[in-house]
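Peer 1: My questions concern the predicted model and sequence given below.
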Amino acid sequence: MDLTTFPLLSLILWLPVLGALALFLFADARSIRVTALVVTLLDFAASLLLLPRWTPDGSMHYQEVLAWAAGLDFRYHLGVDGISLWLVLLTTLLGPIVVLFSWRNVTENVRSFFFLLLIQQAGMLGVFLSLDLILFFIFWEFTLIPMYFLIGQWGSGRRVYAATKFFLYTMAGSALMLVVILLLYFQTGSFNWLTLKEAGLDRTLQFWGFLTFALAFAIKVPMFPFHTWLPDAHVEAPTAGSVILAGVLLKMGVYGFLRFCLPLFPQATAIFLPWIAGLAIVGILYGSLTALVQKDVKSLVAYSSIAHLGFVMLGVASMNEQGLSGAVLQSVNHGLSTGALFLMVGMIYDRRHTRLLAEFGGLWRQMPVYSALFMVVVMASVGLPGLNGFVGEFTILLGAFRVNPLWAALGTLGVILAAWYLLAAVRGLLHGPLDNPANQHLADLDRREVLVLAPLVLLFFLIGLFPALFFDKITPAVELLLRDVGPVIGR
Amino acid sequence: MVPTHYYLILAAIIFSMGALGVLVRRNALIIFMCVEMMLNAVNLTLVALANQWGNLSGQVFVFIVMAVAAAEVAIGLAIVMAIVRHKDTINVEEINLLKW
Amino acid sequence: MNALDILQLLSPELILALTGFVVVSVDLAMRRRDEGRTAATIALLGLGGALVATLLLAFAGTSTVEAFTLAIDPYSLFFKALAIVSVGLVILASISFMRGKSRYLGEYYALLVFAALAISLAVSATNLVMVYLGIEFLSITSYILASYFRQDLRSQEAGVKYFLYGAVAGAVMLYGISLLYGATGSVDLATVGALFSAEGDQRLLGIAAIILLLAGFGFKASLVPFHQWAPDTYEGAPTPITAFLSTASKAAGFAVAGRVFMVALPNLVADWTAILGSLAILSMTLGNLVALKQTNLKRLLAYSSIAQAGYIVLGLAALNPGGDFDGVGGLLIYLLAYLFTNIGAFLVVMAIEQHSGSVDLAAYNGLIKRAPALALWMTLFLLSLAGIPPLAGFFGKFFVFAAVVERNLLTLAAIAAVNAVVAAFYYLNIVRAMFFVESEEQKPVSVAAGLSAALAISGIMVLVIGIAAQPFITWISRSVEMVLVSGM
């Protein structure tokens, strides 16, 4: 098979949709689960095919263009570069993991659940792969629907409230985006990202365009003060939903900044960068401090997400090679480690149906495998050298330091706070006496659960020990971005 | 000969009276009579204008309006009658089952 | 043009008229009552024939031809097809819904067919007399249909309110028509357009005429401030009729407004687009805000359809001949998407009303458990109304917004975009009830065959227009070109 003409990206994008439709061929829950697993594994395999023939330049690879509507410059245009590559891989990797995790604990409406998971995956992939702004917008809006039902149907507690809030918040954020996309079209005659970034838009349009896009993306990230939907959505979502939310959906916001805000509106970027940095730092500190006082482990992880995404945005705001590369890698890291944290919280919740720290303690003795893995995941999240989190955070802080040492200093404070609240979680769950009788008969992880976590843990080490493998592909794309945007903002 | 604009002004006054009646009266039948007044004011306008322009379009239009108005009366009265049979009132403020 | 050509050009109208009369006569002649089933069948066959005739004319590439003050052009053929399909779906759903609710079902179906005929005449009128006749013909049939449940006081109230507002709106519109005639001495739209200038006093007269005419068109389209009848009439009228009023009848209002303004008042385009723009803002905002607190589904959809009218009229307000997005194309594609979406939503309302006798939001609680198909279709329609891609409603919004942005009416675009979020709030509230609220009732909902068929047609069209919008857009842009070339 000739990979240069084969529509690999379309295969990656549409395979989950076909799989979702295929679920209707089966009636029993087991076949449905197996189908979903096979489809997501195939999708992951397909996305791995992107790697071997990757040429390390910053351009768009594997582009596919299909004219869509006659007379309008509106195309089905896909492409992937070093920035989106790892996010695509992260999405396809988390696919089989959440399917496997949900194997046994989703028993109601199994088909609908996996159907939604699969089309959610397709929607997110579409966001990362689209180079046409309308196509991007379609996928961007579409991702709301499956997640709304995932949270609302399979969530816990105030799930309906959380789902509605998620939907309306994010929809409100992108309400004006379509208007700006159309404005861009009438200025340049194109919906195409490749054309638009060369177009040199006028200053006013850049200003408003940046504000509109940034609002949509900032809500998705979420940046302080647009974060209020996140704790609700994360906490009430089913574990699989939380993993996808934290792992991929939030990255759509970061990706939006990198792909659209910076290259399309460089002059406006120059104006707003300090604001982004400021909000990012507030987000780091706010998220960390709030995480410190959480009694529910899942809320703790949710608030830690706000802090971690603050780091990522600080990297974006640094607007230099280290900052941006670090932001991309840390996005992936956060997807892996917070995804793992949510999975582990989900595993304990499946056993005890509570997530309150006060209910636990001393699990170290009862569940050694769980505890060991939990420690590794926490260390990855805290940023222990040798693991993935360290590489990402360190690179970001380096980038921030080169712009403004104060940013880096405040960021470092965030690292310390992260260690504090995460170790507090470790202490609450694992250490101390095993005094709650309900915990004394908990079963340790079974083979399936270890299998769910294993690839994530392996990647922690892989990224931590061989970061160059990843930076190799990120850096050229970032350099290309900086070559276009850097001079405008004086970096 | 009476100038055309005299007719037009008279028609406008009648039309306004009809419109005012529609707004202030609450009896369905009287409202409907006011609508008839408005229609006839327009008819007057059309006839006067047809005379002014010296073509027949306006006059033909008047016949059509009259026919339509007759049909409207037939339907309107039937609906009002059906309500009276149920409720024994033609005051539109008392016809208020459907609320904001 | 010989008689045979004319017969062929007017074949949709002739078939509709004939069908109407046949339905009445057959119903009269039938000794055994079959609850209107024969009448409905004949009506559906006739509508099918009329649709085929319309589409044949449309795809034969008919350019503008005038026959008896009726323009047979792609624009009118588009709206004829829309009206016929809409009435067809309504009849299909009525077969089971109306059974046992009225003794006079033959006339009911005949009146619906005549309503389709009225719309066909109104949308092709090239003459002010015909415009008036068409609209009044449609109004009079609608009055009867709205008050069709003679024993139900609410239906009577719906009828009398619709009638009183309609009669006044008709008279006001007629006064506006007389102003156009007075200024130009002609009732032919194109002649009026050629003679009516935009200077001095004539401009003032023109603006007065626009506002007066809008009373009539806006009444049909339920645009604020001519909307007061809509909530009450929508709630009280038989639900199939509500579906008809909110789609075909509304589309007729826009179609006639579009043609009259574009052909008869091209010199005042700046004025009437500005007026329509402000009406759009009012309609969207008021409709959405009031819809937020409705718990009666029919009333909620009434306010939603007022808000939707605001979006639809944006297409005319952003008229931009020669632009990439000319506005009229947006109007047409929005109406096409809206037709199937809104009828679909009302079809679900009918199914639930038939099952539980209620149109309250509470009747939808836990619908996903009792009637998964209904709940899923309803979700599809609501998301399409909210404009979520990749459904039909999104493309309607997209093309309308594009025209607005191209004309650089950015405030209007921003207000419309924000309104879309408000609307999502109450549409989502219905979805929430259907999926996430438990209901005491567990009895599964059974849906009659005709209604299911209508639902399937609407739902599939919403998906098809969304996913494969291209052929529809191509067809529509062709029909727009014709009108813009002939009109402006």
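Peer 2: On my side now, so go ahead. Numbers count the residues shown, from 1 in each chain, chains lettered A, B, ... in the order given.
Peer 1: since we're on the nearest residue to residue B:28 once chain neighbours are set aside, how many residues are nearby?
Peer 2: The spatial neighbour of residue B:28 that comes closest, neighbours along the chain excluded (C-beta to C-beta, 6 or more residues apart in numbering or on different chains), is residue B:90 at 4.4 Å. Yep, even glycine has a C-beta here, placed from its N, CA and C like the rest. Burial measure for residue B:90: 19 neighbouring residues, criterion other C-beta atoms under 10 Å in any protein chain shown.
Peer 1: In contact with residue B:90, which residues?
Peer 2: Residues in contact with residue B:90, defined by C-beta atoms under 8 Å, 6 or more residues apart in numbering or on different chains, are B:27, B:28, B:29, B:80, B:83, B:84.
Peer 1: and with 10 Å instead?
Peer 2: Under the criterion of C-beta atoms under 10 Å, 6 or more residues apart in numbering or on different chains, the contact list for residue B:90 reads B:26, B:27, B:28, B:29, B:30, B:31, B:32, B:80, B:81, B:83, B:84, C:160.
Peer 1: between those residues, which is closest to residue A:355?
Peer 2: Sorting the contacts of residue B:90 by how near they are to residue A:355, with C-beta to C-beta, puts residue C:160 at the top with 60.0 Å.
Peer 1: circling back: of the contacts of residue B:90, grab the buried ones for PyMOL.
Peer 2: Applied in PyMOL, the following selects the buried portion of those according to 16 or more other C-beta atoms under 10 Å in any protein chain shown:
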select buried, (chain B and resi 28+31+32+80+83) or (chain C and resi 160)
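Peer 1: Quick check: closest non-adjacent residue to whatever residue of the stretch 1-150 of chain A ends up closest to chain C.
Peer 2: Evaluated by C-beta to the nearest C-beta, the stretch 1-150 of chain A has residue A:138 as its residue closest to chain C, separated by 4.0 Å. Excluding the flanking residues, the one nearest residue A:138 by C-beta to C-beta, 6+ apart is residue C:389, at 4.0 Å.
Peer 1: what's the answer for residue A:434, then?
Peer 2: residue A:362 (3.2 Å).
Peer 1: how close does that neighbour get to residue C:127?
Peer 2: For residue A:362, the distance to residue C:127 equals 90 Å [C-beta to C-beta, to the nearest Å].
Peer 1: measure residue C:49 to residue C:327 for me?
Peer 2: Relative to residue C:327, residue C:49 is positioned 33 Å away (C-beta to C-beta).
Peer 1: Let me see the contact set for the residue nearest to residue A:434.
Peer 2: Taking C-beta under 10 Å, 6+ apart as the contact definition, residue A:362 lies against A:371, A:429, A:430, A:431, A:432, A:433, A:434, A:435, A:436, A:439, A:440.
Peer 1: sec struct for the closest residue to the last one other than its chain neighbours, please.
Peer 2: The spatially closest residue to residue A:440, leaving aside those adjacent along the chain, is residue A:434, at 6.2 Å (C-beta to C-beta, 6+ apart). With DSSP: H, G, I helix; E, B strand; the rest coil as the basis, residue A:434 sits in coil.
Peer 1: Residue 271: how many residues sit nearby?
Peer 2: In the absence of a named chain, chain A is used. Each residue near residue A:271 was counted by other C-beta under 10 Å, and the total is 15.
Peer 1: look at chain C instead
Peer 2: Neighbours around residue C:271, by other C-beta under 10 Å: 18.
Peer 1: Now it. Nearest residue, chain neighbours left out?
Peer 2: The spatial neighbour of residue C:271 that comes closest, neighbours along the chain excluded (C-beta to C-beta, 6+ apart), is residue C:207 at 5.4 Å.
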